[in-house]
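>>> no letters, just coordinates:
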């Protein structure tokens, strides 16, 4: 029964000839630097993954196997999952914390090799938990780039309430892009609360956010980790329907796409 | 493997000859105006839908494809989902916000036609986001009725903290029922917070609620959107196990039925 | 497609030869008194259960069919679920509130028989909602033991904000272990908030917790209901990676195992 739907053309939608999206301009896959949706997967089973793909693959660009969860997968399940996602143009990559673990164990080079063996072509370089010198950070980014990886980096600390000063964030973003990162992720964790630019209740630290945005040389190359609906709404209002958003709960994939297109009250309202 | 269980008789339950439900009187399907559970679906895959049906179809009367999500489905997945649900006596319908979008684009009549073509026989007429004149509201309800739809209407605004005065709500409820609506939904959104009769923390605005309930001519024809467990408990306490409840998270289907039947501490307690 | 992965050897993990777990010492199944993870299932479908097993069965010792939900299952689905879980060394048992319901209806002995007929070999004896005399409590524990059950008991009340005095909890724990209970569960409900040792926001009542822990004769035989991540982190910090944890949301199975092993920032941090 699964076969039937998943092999048919997913681009045909039943309402598209009748109604247009209230917010125009949402771009379709393949999306490269812009318009990206990155999911955080903290333990989707294989059949759930098939379900998600069948319903929503046009709305997913990246799926991150959150923190060190991929180490806990049976090897065969991990291999099946990576293959399934790649067949539908969804890039899979291991969580930044997992590469940090490899760095701590002086194994980051074999870590990159193993990613290649497993078929993963994206990595995220971060220091949310560990201390990482600018030199080693640059070296890892460059080496991953040389090996053919699509490289994300992340700026921000995972400690409760931690926020790097805006000028430090700006310097890191610039340095990472220069070193070869395609996109830089702004830390928001899975919770979206009490971390980076987010207050304890998940609202934006508006002053810091504005100060950062104002000075950004390449705003479109950031990916904002924004797991909460209120954050997604605010970022869509600020940057438009193609803002890059990350750490989206897989269950919110369709809801987020509806927000981007104005198919939900919170963003439809602004078109009136 | 799926086939085996789903085709067997779902009415046989392993404990029913031994123990009775602590709260008696819960009615079985088909339920028409009363005892209804309406789910809000923001992106269930086909296999998840099959799972839900196999486990819990006796406890589900309506499934709403939340806001404009149905526009984002591949046509084949949407068709399969509608068929699956109807085969198990679960009525599917598009979210009120989606019809509001059609109204904004002057396409509400073709919208109703398309619903019929897709096999949907229920619609919800609302003005949670748009402004809708009483005249057009009545016209849409009547036309949907004439086409053979089962018509829900909704009373309430989706803006943060918004609540219509109780007497305005009462007038709208009366007018909608006179125009042909079968049930009137009281707005609670997906979150159940800071909307309509709910405070920011999801508790009931008790004074307004009591004032509304006291003057209701047909309390059993309301459907209360009550996504939070505390709200479900309070409404079951007030109206009994067959109160109509809406915007239930599909994952809470069995939990809600347990509350209705006194099979969970929060409602069992009141039978002691 | 499901068959392929689930029948292969789940113990082979793709990264284990390269990286070690940051927190060492996590023990593997079969786990008996120690290192236990108990899930609370409030309505997983059969295919979701297969998915969970395929991905995470090495990390699950017990699955509780929360409160009275098992009464609502179609008999065939319940039978299939129990069989599936047992095939993967996951013990299934009905929620404590369901046995309380049977006690209220003077049917606890046929309840135990029915559990055996259904293939369940674990029960939980609790008085979270009802009043239960120490004599009857002891009698039920001993009878279940005699019938071959693995017996859990639970200490705590489910009312909002309720907490038994620490010395009462200690007496009950001692008495239950003497009567034959294998483990004693400390109440935390599905929410982890405003219950037992948890404050309204889910934080630990540290003074009461410390007083309890200090006087515990068999701390390793407790199972802490700790549905929230912050609680899991605090208990892992206090007791190590093999602390017994209960009422884990099935969706958090892999995340919790990552916390136990130091594969997530919150516990990796403490190894630095």
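Thanks, I have it. All values reported here derive from a predicted model rather than from experimental measurement.

>>> C-alpha from now on. contacts and neighbour counts both.
Noted.

>>> tell me the buried residues in the strand or helix carrying residue A:175?
Taking DSSP states H and E as the definition, one finds residue A:175 inside helix A:166-179. Residues of helix A:166-179 classed as buried by neighbour count (16 or more other Cα atoms under 10 Å in any protein chain shown): A:166, A:169-170, A:172-174, A:176-177, A:179.

>>> same for that helix, what does it pack against?
With contacts taken as 3 or more Cα pairs under 8 Å, 6 or more residues apart in numbering or on different chains; DSSP states H and E, helix A:166-179 sits against helix A:134-146, strand A:150-155, strand A:183-186, helix A:206-215.

>>> mind putting the ones you listed in TSV, mean neighbour count, distance to chain B and mean pLDDT included?
Formatted as TSV, these follow (neighbours: other Cα atoms under 10 Å in any protein chain shown; distance: least, Cα to the nearest Cα, whole Å; pLDDT from 0 to 100):
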stretch	mean neighbour count	distance to chain B	mean pLDDT
helix A:134-146	16	35	98
strand A:150-155	23	28	96
strand A:183-186	24	26	94
helix A:206-215	13	19	90
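
>>> got TSV for those, with distance to residue C:88 too?
As requested, these are arranged in TSV below (distance: least, Cα to Cα, whole Å):
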stretch	distance to residue C:88
helix A:134-146	39
strand A:150-155	38
strand A:183-186	39
helix A:206-215	49
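
>>> what's the closest of those to residue A:87?
strand A:150-155 (17.4 Å; Cα to Cα).

>>> does any bit of the closest one sit next to chain C?
No. Strand A:150-155 stays clear of chain C (Cα under 8 Å from any Cα of the partner chain), getting no nearer than 14.2 Å.

>>> so that strand versus helix A:166-179, what angle?
170 degrees (axes from the mean of the first three to the mean of the last three Cα atoms, to 10 degrees).

>>> what sits up against strand A:150-155?
The contact list for strand A:150-155 (Cα atoms under 8 Å, 6 or more residues apart in numbering or on different chains) reads A:96, A:121-128, A:141, A:144-145, A:169, A:172-173, A:176, A:180-187.

>>> with stretch A:113-132 instead?
A:79, A:82-83, A:91-97, A:99-100, A:104, A:137, A:140-141, A:144, A:148-159, C:15, C:265, C:268-269, C:272.

>>> in the stretch 151-272 of chain A, what residue is nearest chain B?
residue A:263 (4.7 Å; Cα to the nearest Cα).

>>> residues near that residue, how many?
Counted with other Cα atoms under 10 Å in any protein chain shown, the neighbours of residue A:263 add up to 29.

>>> isn't it up against residue B:72?
No. If you go by Cα atoms under 8 Å, residue A:263 and residue B:72 don't touch, sitting 9.3 Å apart.

>>> residues near the closest residue in space to residue A:61 that isn't next to it in sequence, how many?
Sequence neighbours aside, residue A:90 is the residue nearest to residue A:61 in space, at 5.0 Å (criterion: Cα to Cα, 6 or more residues apart in numbering or on different chains). Other residues near residue A:90 number 22, with proximity taken as other Cα under 10 Å.

>>> same question for the one 5 residues further on.
Neighbour count for residue A:95, taken as other Cα under 10 Å: 24.

>>> distance of it relative to chain C?
Per Cα to the nearest Cα, to the nearest Å, residue A:95 is found 9 Å from chain C.

>>> picking up where we left off before, need the pLDDT of the residue of the stretch 151-272 of chain A closest to chain B.
pLDDT recorded at residue A:263 is 98.

>>> residue of the stretch 101-250 of chain A with the smallest distance to chain C?
Counting by Cα to the nearest Cα, the stretch 101-250 of chain A gets nearest chain C through residue A:129, at 5.8 Å.

>>> does that residue sit in a helix, a strand or a coil?
coil (DSSP: H, G, I helix; E, B strand; the rest coil).

>>> again, but for residue A:223
Classified using three-state DSSP, residue A:223 is strand.

>>> how about the residues of the stretch 51-200 of chain A near chain C?
A:67-69, A:71-78, A:97-98, A:101-102, A:105, A:107, A:110-111, A:114, A:128-130, A:158-159.

>>> related to what we said a few turns ago, list the residues that contact the residue of the stretch 151-272 of chain A closest to chain B.
Here residue A:263 is in contact with A:21-22, B:67-69, B:97-98, B:101 (criterion: Cα under 8 Å, 6+ apart).

>>> 6 Å instead, please
residue B:68 (Cα atoms under 6 Å, 6 or more residues apart in numbering or on different chains).

>>> where along chain A do the helices fall?
A:2-6, A:46-56, A:75-87, A:96-104, A:108-118, A:134-146, A:166-179, A:206-215, A:229-239, A:253-261, A:265-268 (DSSP state H).

>>> off-centre distance for the last one?
Taking Cα atoms, centre = their mean, to the nearest Å, the mean C-alpha location of helix A:265-268 is offset from the chain mean by 23 Å.

>>> can you check stretch A:109-120 too?
20 Å.

>>> and the residue lying closest to residue A:42 once chain neighbours are set aside, how many neighbours does it have?
Nearest residue to residue A:42, sequence neighbours excluded (Cα to Cα, 6+ apart): residue A:66, at 5.3 Å. Using other Cα under 10 Å, residue A:66 is surrounded by 26 other residues.

>>> what about residue A:66, distance to chain B?
The spacing between residue A:66 and chain B, counted by Cα to the nearest Cα, is 21 Å.

>>> dihedrals phi and psi, that residue?
Phi and psi for residue A:66, reported as degrees, to the nearest 10, are phi -50, psi 140.

>>> OK, contacts around it?
A:40-42, A:95.

>>> do residue A:247 as well
Counted by Cα under 6 Å, 6+ apart, residue A:247 has contacts A:39-40, A:225, A:227.

>>> which of those has the largest number of neighbours?
So for the contacts of residue A:247 (other Cα under 10 Å), the most neighbours sit at residue A:225, 27 neighbours.

>>> does it touch residue A:191 like I think?
No. With contacts counted by Cα atoms under 6 Å, residue A:225 stays clear of residue A:191, the gap being 9.7 Å.

>>> return the helix or strand in chain A with minimum mean pLDDT.
helix A:2-6 (a mean of 44; mean pLDDT, DSSP states H and E).

>>> enumerate the residues of chain A near chain B.
A:5, A:10, A:12-15, A:51, A:254, A:263-265 (Cα under 6 Å from any Cα of the partner chain).

>>> mind redoing it with 7 Å?
Residues of chain A found near chain B (Cα under 7 Å from any Cα of the partner chain) are A:5, A:10-15, A:19, A:51-52, A:55, A:251, A:254-255, A:258, A:263-265, A:269.

>>> quick one, which of the residues you listed are buried?
For those, buried by 16+ other Cα under 10 Å: A:5, A:10, A:13-15, A:19, A:51-52, A:55, A:254-255, A:258, A:263-265, A:269.

>>> from these, pick the one nearest chain C.
residue A:51 (11.2 Å).
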